[in-house]
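Trainee: Need coordinates for the following:
(chains A and B)
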Amino acid sequence: SQTIHQWPATLVQPVGSPLSLECTVEGTSNPNLYWYRQAAGRGLQLLFYSVGIGQISSEVPQNLSASRPQDRQFILSSKKLLLSDSGFYLCACQAGGTEAFFGQGTRLTVV
Amino acid sequence: EDQVTQSPEALRLQEGESSSLNCSYTVSGLRGLFWYRQDPGKGPEFLFTLYSAGEEKEKERLKATLTKKESFLHITAPKPEDSATYLCAVPLSGSARQLTFGSGTQLTVLP
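Mentor: Sure thing, here's the model as predicted:
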């Protein structure tokens, strides 16, 4: 079964600073990869998904971007963070079946 | 519009007091319904997939059932360690790659 690694676990960044969150997957190949954001007490909002290297679909217009430079690597970035970018960011992997498996998340606080 | 609604938002039970969580959905051509457990500060942990009305899945004190319009997560004789937020999700009508999530039920089991 696949393992999803996300880092860092927590991050505090000033407004206007850049962001790079990385997600890597082990135990599978050619997975669908996802970035979700979860606000406190809310469900998960899909931000980006990718079905292959260099293929990115964006679900919500925003200050963030995503890239997939390798089959099992997915990166979430921003050039200039906003206060509203604070939240819990989750990487997920879907391989074979329709269920998705999640990493442990990154808690981002923009100050 | 595809929608997933979970109720109640929060549930407090005494240890051993059985209950059920509800997940209702509106989606054309259901291609699976997924239940997840999420502990505070962690990524969601996959529990069950249900594909057709009448299907049931069990894991320890949890049993998930599915009808044509909703799913129930029954918790029998819960223990404090069952305390978590329980999320359900379904694939969007147009794409099995994208899941839409409910807002979750926050379960607290008191000793």
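Trainee: C-alpha from now on. contacts and neighbour counts both.
Mentor: Will do.
Trainee: Next, the buried residues of stretch A:70-81.
Mentor: A:71-78, A:81 (16 or more other Cα atoms under 10 Å in any protein chain shown).
Trainee: oh, I was asking about stretch B:28-47
Mentor: B:30-38, B:42-47.
Trainee: So which of these belong to strands?
Mentor: Mapping the buried residues of stretch B:28-47 onto strands (DSSP state E) picks out B:33-38, B:45-47.
Trainee: For chain A, what's the nearest residue on chain B?
Mentor: B:S103 (3.9 Å; Cα to the nearest Cα).
Trainee: one step back: between the buried residues of stretch A:70-81, which sits nearest A:Y36?
Mentor: Lowest distance from A:Y36 to the buried residues of stretch A:70-81 (Cα to Cα) belongs to A:L76, with 10.1 Å.
Trainee: For that closest one, list each beta-bridge partner.
Mentor: A:L21, A:A66 (DSSP bridges).
Trainee: Is B:E81 in a helix, a strand, or coil?
Mentor: Secondary structure, DSSP: H, G, I helix; E, B strand; the rest coil: B:E81 is helix.
Trainee: That one: neighbour count?
Mentor: 11 (other Cα atoms under 10 Å in any protein chain shown).
Trainee: Next one: it, what pLDDT does it get?
Mentor: With respect to pLDDT, B:E81 scores 97.
Trainee: and if you look at A:P61?
Mentor: On pLDDT, A:P61 comes in at 69.
Trainee: next one: the one 10 residues further on
Mentor: A:D71 carries a pLDDT score of 96 in this model.
Trainee: where are the low-confidence patches of chain B?
Mentor: In the predicted model, chain B carries pLDDT under 70 at residues B:95-96.
Trainee: List, one by one, the residues from chain A near chain B.
Mentor: Proximity of chain A to chain B, by Cα under 8 Å from any Cα of the partner chain, involves residues A:32, A:41-46, A:90, A:94, A:98-105, A:107.
Trainee: try it again with 6 Å
Mentor: A:42-44, A:102-105 (Cα under 6 Å from any Cα of the partner chain).
Trainee: gap between stretch B:13-20 and the chain center?
Mentor: Taking Cα atoms, centre = their mean, to the nearest Å, one finds the center of stretch B:13-20 at 16 Å from the center of the full chain.
Trainee: Quick check: buried residues in that stretch?
Mentor: Here stretch B:13-20 shows B:13, B:15, B:20 as buried, counting by 16+ other Cα under 10 Å.
Trainee: can you pull the pLDDT of the residue of chain A found nearest chain B?
Mentor: Ranking the residues of chain A by distance to chain B (Cα to the nearest Cα) places A:G43 first, at 3.9 Å. pLDDT, A:G43: 81.
Trainee: And for it, nearest residue in space, chain neighbours not counted?
Mentor: B:S103 (3.9 Å; Cα to Cα, 6 or more residues apart in numbering or on different chains).
Trainee: distance of that neighbour from B:Q6?
Mentor: Using Cα to Cα, to the nearest Å, B:S103 is found at 6 Å from B:Q6.
Trainee: How about A:H5?
Mentor: From A:H5 to B:Q6 the distance is 29 Å (Cα to Cα).
Trainee: Between the two, which is the more surrounded one?
Mentor: The residue with more neighbours, out of A:H5 and B:Q6, is B:Q6; 23 against 18, by other Cα under 10 Å.
Trainee: burial count for the residue nearest to B:A64 when sequence neighbours are not counted?
Mentor: Spatial nearest neighbour of B:A64, chain neighbours left out: B:L73 (4.5 Å); criterion: Cα to Cα, 6+ apart. Per other Cα under 10 Å, the neighbour tally for B:L73 reads 22.
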